[in-house]
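S.K.: need coordinates for the below:
(chains A and B)
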Amino acid sequence: MSSFDGFSSTPLEQRNNSVQQLVRLLFLTITLLLLIPAVATIVVLIVEGAPGLSLEFFLDKPRQNGAAGGIAPALVGTVWLTAGALLFALPLGVAAAIYLSEYAKDNWLTRAINVAIVNLAGVPSIVHALFGVGAFVHFMQFGKSILAASCTLAVMTLPVVIVATRESLQAVPKAFREACWNMGATRWQTIWKVVLPNSGSGILTGLILVVSRAVGETAPIMFTGAVFLRALYPSGVFDKTMALSLHLFNVSTQVNDVPRHVPFAVALTLIGVVLAMNAAAIALRMRLRGRKKW
Amino acid sequence: MVTDPVIPPLLEVRDLSIHYGDKAALSGVSFDIRQHEIFGIIGPANAGKTSFLRAINRMDDFVPGMRVGGQICFAGRDVATVRNLYALRRRIGVVFPLPVGLPLSIYDNVALSPRLRGVRRRAELDQIVERCLTRAALWDEVKDRLTSLGSLLSGGQQQRLTIARALSQEPDLLLLDEFSIAVDPVTTMRIEEVLKELRNELTIVLVTNLVQQARRLADRTAFFLGGRCVELDATEALFSNATQQQTIDYLGGRFG
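M.R.: Predicted coordinates:
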């Protein structure tokens, strides 16, 4: 080469570059492939289920074991169950997370609790269901009721609330805490004034996870409070109730002569409820995060 | 320097030792810090300077594995026996190497400590906030935006906010840990002017790795090295005739 050109590539650099392009393409392809099931599910649900959606479908009570009529009691029941699960899981989970993150010393007890939480998160939901029957339906004598089912859902979702909240508490810089302690603030004053206001997004993540699981799970509620058919709205926490997830199971497999579009319409509603609630929580979280704090 | 024998020292340190696990950070340190003096501590990294500050306001409670031996008396009281640590820490203001603007408004940053001790009246809080920000030479820059976030100020402003916050505790003792590390030279000089004035009202322990800063500000200066207090004297005496070879080498820039 006649003149100096410090930017021409050597053969090694050329090879490195083609390898890197190849890797990028490969991983992009894999990522796009992963989208297929998600998109396909939604498309199938919309195509098959949309014809079944109508105002009457949401507002009517089911007839002929769910083969006709609407899903109103199931929709309302799911809202009751989810709200109940939130009511128990959020305060308890946040309290436990605050203890573990802000108060607990790093000793064998704390480590044991952390291991227990991780394991609890891995327990299959059907096992939670059996626990719920024993603990809430029989031992606490709630009977088969919304209360018992909500408690079961809450126990099932507690680990995720705890982990999500603890992570977000830990994300608040230690320097903020030390500055407060140095000022003579108690641990609780520090948590209340500085740590908690800056971990709202993590608590909302916990909320999203509780809602998604509580709306969708079938096993934990079918033994503890949800019933096959009940053309009444719940009037209190000791009532039994229908629920969307169990209703979907029933119209898909248990009832004869169900029009083809009904299970899809129920499934579409179920997904719609989850997505709507998640979207609301995510929007709230983005508003909280949008303001850069440090 | 003339010392009044009637006024007892604010801080009496006796055979202080600090360990992290098995590792010694400080050992056999004894001296007094007098009322209304700026007490400089110089020395290279790992000399035990920051550990010394932590021991004074009992931050060892928050540092796992930190053990403090010997005795520190603050205003005549052994800090190891103080039960109301919150009151102790309120009387001791701390400024860290890296500025810590809390993610609250500028106003709330300075009003936090008064609120913690129960001041509720808005007028009183307003007064404290203005006074502390003025004394920290920050008021003129932020008086029109007291509601914006303190944690988004520039580094130098945040450090002055931190000082204002420490002053809002109405402390008897101010601990400064290499406060100028993240601050530009002009702001550093402004803060140094502030410190000179504050000497009239409170006692300051100034840890610094800028030996000239200690020379400009401190009445007396201690040289820490490897967890020991090598030498302690009136600042000018230390700088002009240090008796220990290590001190002479450090001040002469031969290591550190």
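S.K.: tally up the residues packed near A:Glu13, please.
M.R.: Number of residues near A:Glu13 (other C-beta atoms under 10 Å in any protein chain shown) recorded here: 9. The way it works is simple: take the backbone N, C-alpha and C, and place the C-beta from them, glycine included.
S.K.: can you pull out the helices in the chain?
M.R.: If you meant another chain, say so; for now it's chain A. Applying DSSP state H to chain A gives helices spanning A:11-49, A:55-59, A:72-98, A:108-122, A:125-132, A:146-170, A:174-182, A:187-190, A:200-216, A:219-222, A:244-249, A:261-290.
S.K.: the intended chain is chain B.
M.R.: Using DSSP H, helices in chain B cover B:49-56, B:85-90, B:106-116, B:122-135, B:139-142, B:155-167, B:185-198, B:211-217, B:235-240, B:245-251.
S.K.: pick the most buried one from these.
M.R.: Most buried of the helices of chain B, by mean neighbour count (mean count of other C-beta atoms under 10 Å in any protein chain shown): helix B:155-167, with a mean of 25.
S.K.: so how far is that helix from its chain's centroid?
M.R.: Offset of helix B:155-167 from its chain centre (C-alpha atoms, centre = their mean, to the nearest Å): 13 Å.
S.K.: next, the angle helix A:174-182 makes with it.
M.R.: 30 degrees (axes from the mean of the first three to the mean of the last three C-alpha atoms, to 10 degrees).
S.K.: could I get the average pLDDT for helix B:155-167?
M.R.: The average pLDDT within helix B:155-167 is 93.
S.K.: now distance to B:Arg90 too, for the helices of chain A, in CSV please.
M.R.: Shown next, in CSV, are the helices of chain A (distance: least, C-beta to C-beta, whole Å):
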stretch, distance to B:Arg90
helix A:11-49, 55
helix A:55-59, 59
helix A:72-98, 24
helix A:108-122, 30
helix A:125-132, 48
helix A:146-170, 25
helix A:174-182, 9
helix A:187-190, 12
helix A:200-216, 29
helix A:219-222, 50
helix A:244-249, 55
helix A:261-290, 31
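S.K.: so which of these comes closest to B:Ile191?
M.R.: Among those, the nearest to B:Ile191 by C-beta to C-beta is helix A:174-182 (17.5 Å).
S.K.: ok, the residue lying closest to A:His261 once chain neighbours are set aside - contacts?
M.R.: Among residues not flanking A:His261 along the chain, A:Gly52 sits closest, at 3.8 Å (C-beta to C-beta, 6 or more residues apart in numbering or on different chains). Counting by C-beta atoms under 8 Å, 6 or more residues apart in numbering or on different chains, A:Gly52 makes contact with A:259, A:261-262, A:264-265.
S.K.: got it, and B:Val29?
M.R.: B:Val29 sits next to B:13, B:15-17, B:48, B:52, B:70, B:228-229 when contact means C-beta under 8 Å, 6+ apart.
S.K.: of those residues, which is the most crowded?
M.R.: Top of the contacts of B:Val29 by neighbour count (other C-beta under 10 Å): B:Phe52, with 26 neighbours.
S.K.: okay, that residue and A:Glu48: tell me how far apart.
M.R.: Taking C-beta to C-beta, to the nearest Å as the measure, B:Phe52 and A:Glu48 are separated by 73 Å.
S.K.: for chain B, what are the nearby residues on the stretch 1-150 of chain A?
M.R.: Residues of the stretch 1-150 of chain A found near chain B (C-beta under 8 Å from any C-beta of the partner chain) are A:105-106.
S.K.: where does pLDDT dip in the stretch 1-150 of chain A?
M.R.: Low-confidence segments of the stretch 1-150 of chain A (pLDDT under 70): A:1-5.
S.K.: looking at it, which residue is nearest chain B?
M.R.: Scanning the stretch 1-150 of chain A for the residue nearest chain B gives A:Asp106, at 6.6 Å (criterion: C-beta to the nearest C-beta).
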